[in-house]
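Asks: Next come a sequence and a model predicted from it.
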Amino acid sequence: MKKNLLLLIVTTVFFSCEKDKTNPTVSTSGFIAGQGGIYISNEGGFQSGNSSISYYNPSDQTIKNDLFQNVNGQALGDICQSMNVINGKLYIVVNNSGKIEVCDPLTLKRTTTITGFTSPRYIVTVDVNKAYVSDLFANSISIVNTANNMIQGSIQLTGSTEQMVVSDNKVYVTNSLSDYLFVIDAFTNIITDSILISKGANSIQEDVNGKLWILCGGDYVTTPAAIFRIEPVSKQIEFSQTFAVTDYLNRLCMNSGKDSLYFLFNNVYQMNVTDNTFPSAPFIAASGNSFYGLGINLASNEIYVADAGNFTQEGKVYRYNVSGNLIDDFTVGINPGGFYFLP
């Protein structure tokens, strides 16, 4: 069971609802995303079918909520997991609905729906007209032809595959139920290697020096949470830090220079990629908020932190500058988890 889902169940039972403040909104009629606009993926409640997409314009601080439904005339589905733009199309991964909605990134108008997944998580482009889609329950990675938006094959990989990063024609795949980071040849679709790390790997980034950073959430039983820096050629672990069994680290992000990393560990933490010690204090304190999502706007290096609140009502997003000072906050959908920053 994913730790965020466990937290969702607990908080749903024990916390009462609280209404967030109203934010400025504008009509979605004839919507066209502006330069520098930001999409927020709101997971919604598990099996509630109320996931959604919000759009935020940082230039005038306006927010449009329920955008996919308002543009396309139907609900997005159950658990909006992640988004990515590939070949000029916005791919919206809807986890529990087992599908990916392909949309125009400027209008959010759906062009097609890719079905046939079990429980998709993340999508990355790995070659010309080819993308990989990780999956929570399929014990495989789906291969998608992005020219015709159809599943054209799969790669068998036991466990729950999560975030992936592509480097030097290799695809590095995290797996939350395995102790290994897996390596796939992007040309042949064959698993060529694996690197022993720890259980619960959920997010991965490549830094400016070509090193791989991985966050592991552990298993809440015997395996603690951990962070790793790996030199991919030698496969040597250059830095690692373990935490308590009850701790959880996730949502690893990089700044535009790829020399600083940010992640959630109850609060927001920041590290330089050359650091060999864990920071003694958080970069942004949660101060009682339920930090759930994290994103870095690479155009400005501003930090966006999603607050799930009580996990049953609308969440909030906090926008910080590079120094960690609050710029703005706004209300979005239920359980905001991911961001896509338009150029």
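Replies: Great, that's in hand. The structure presented is a predicted model; accordingly, all values stated were derived computationally and were not measured.
Asks: tell me the contacts of the residue lying closest to A201 once chain neighbours are set aside?
Replies: Counting by C-beta to C-beta, 6 or more residues apart in numbering, the nearest residue to A201 once its immediate chain neighbours are dropped is T174, at 3.7 Å. All C-beta spots, glycine's among them, are computed from the backbone N, C-alpha and C. If a contact means C-beta atoms under 8 Å, 6 or more residues apart in numbering, then T174 has 161-164, 181, 201-204, 214 as its contacts.
Asks: Same list, those, but as CSV with distance to N189 please.
Replies: Converted to CSV, the contacts of T174 look like this (distance: C-beta to C-beta, whole Å):
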residue, distance to N189
T161, 14
E162, 19
Q163, 18
M164, 13
L181, 18
A201, 21
N202, 23
S203, 23
I204, 19
I214, 22
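Asks: Can you show me the helices along the stretch 51-200 of the chain?
Replies: Assignment of helices within the stretch 51-200 of the chain using DSSP state H, counting those that start in this stretch yields the ranges 67-72.
Asks: ok, F339 - contacts?
Replies: F339 touches 38-41, 293-295, 304, 306, counting by C-beta under 8 Å, 6+ apart.
Asks: contacting residues around the closest residue to it other than its chain neighbours?
Replies: Residue nearest to F339 in three dimensions, not counting chain neighbours: G295, with 3.1 Å by C-beta to C-beta, 6+ apart. Contacts for G295 were tallied using C-beta under 8 Å, 6+ apart; they are 38, 253, 303-304, 306, 338-339, 341.
Asks: G295 is in what secondary structure piece?
Replies: Assignment of secondary structure by DSSP states H and E places G295 within strand 291-297.
Asks: what packs against the helix or strand that that strand is followed by?
Replies: Once the chain leaves strand 291-297, the next helix or strand it forms, by DSSP H and E, is strand 302-307. Contacts defined by 3 or more C-beta pairs under 8 Å, 6 or more residues apart in numbering; DSSP states H and E place strand 302-307 against strand 291-297, strand 314-320, strand 336-341.
Asks: pLDDT on stretch 326-341, on average?
Replies: The average pLDDT within stretch 326-341 is 98.
Asks: let me fix that: stretch 148-164
Replies: Taken as a whole, stretch 148-164 has a mean pLDDT of 98.
Asks: Run the chain-centre distance for that stretch.
Replies: In terms of C-alpha atoms, centre = their mean, to the nearest Å, the gap separating the centre of stretch 148-164 from the centre of its chain is 17 Å.
Asks: mean confidence for stretch 113-124?
Replies: So the average pLDDT for stretch 113-124 ends up being 98.
Asks: Please name the bridge partners of the residue nearest to F339.
Replies: Note on G295: beta-bridge partners by DSSP bridges are Y304.
Asks: quick revisit: save the helices and strands packed on strand 302-307 as CSV, and put in distance to R229 too.
Replies: Shown next, in CSV, are the helices and strands packed on strand 302-307 (distance: least, C-beta to C-beta, whole Å):
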stretch, distance to R229
strand 291-297, 18
strand 314-320, 25
strand 336-341, 24
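Asks: wait, which of the ones you listed is closest to I79?
Replies: Shortest separation from I79 across these is recorded for strand 336-341, at 9.1 Å, computed as C-beta to C-beta.
Asks: in its sheet, what does that closest one sit against?
Replies: Sheet partners by DSSP bridges: for strand 336-341, these are strand 38-42 (antiparallel).
Asks: Y132 is in contact with V124, isn't it?
Replies: Yes: Y132 is within contact range of V124, at 5.7 Å (criterion: C-beta atoms under 8 Å).
Asks: Neighbour count for these two, which is higher?
Replies: With other C-beta atoms under 10 Å as the criterion, Y132 and V124 differ in neighbour count, and Y132 comes out ahead with 25 against 19.
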